[in-house]
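**Student:** predicted model and sequence follow; I will ask about them next.
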Amino acid sequence: QVQLVESGGGLVQAGGSLRLSCAASGLSSYAVGWFRQAPGKEREFVGGISRLTGSTYYADSVKGRFTASRDNAKNTVYLQMNSLRPEDTAIYYCAADGGASPFLAPTHRNKYDYWGQGTQVTVSS
């Protein structure tokens, strides 16, 4: 069982930045995805990072603004969010997939086995 712990959410003005963290024992063995869910909307893929090569993948809505990275020595994955917009407001979740190719991170939530509790990100206009 992998217990993911997220941190780093908060309230920020539009144009600001936040960095989310996702930590778990053994996380270096998993591809990690970031998802978000706004009120009344489905949970959507934001970005992901592969377990071996650190290859990253992003939704079009966040490309150029969000960056996923990982520190396998610390079993921690990060999501740096810059140029935040009010429409980025949501609960953000990290998720881990132990079955992914070492070079890939799935974009569909059904591929992920473990989920964090979520952290609220609120961007004011």
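**Tutor:** Arrived safely, thanks for sending.

**Student:** separation between Ile91 and Leu4?
**Tutor:** 14 Å (CB to CB, to the nearest Å). C-beta here means a position set from N, CA and C on the backbone, and glycine is covered the same way.

**Student:** which one's more surrounded, the two?
**Tutor:** Each of Ile91 and Leu4 has its neighbours counted (other CB atoms under 10 Å); Leu4 has more, 22 against 18.

**Student:** thought Thr53 was touching Phe103?
**Tutor:** Yes: judged on CB atoms under 8 Å, Thr53 makes contact with Phe103 at a distance of 5.1 Å.

**Student:** surely Arg70 is in contact with Thr76?
**Tutor:** Yes: between Arg70 and Thr76 there is a contact under CB under 8 Å: 6.9 Å.

**Student:** could you say which helix or strand holds the most centrally placed residue in the chain?
**Tutor:** Most central in the chain under CA atoms, centre = their mean is Trp34, positioned 2.4 Å from the mean C-alpha point. Using DSSP states H and E, Trp34 maps to strand 31-37.

**Student:** that strand: which residues count as buried?
**Tutor:** Residues 31-36 are the ones in strand 31-37 that count as buried (16 or more other CB atoms under 10 Å).

**Student:** and the next element down the chain from it?
**Tutor:** Next along from strand 31-37, by DSSP H and E: strand 44-49.

**Student:** now do that next one and strand 31-37, the angle between them.
**Tutor:** Relative orientation of strand 44-49 versus strand 31-37 (axes from the mean of the first three to the mean of the last three CA atoms, to 10 degrees): 160 degrees.

**Student:** thanks a lot, catch you later.
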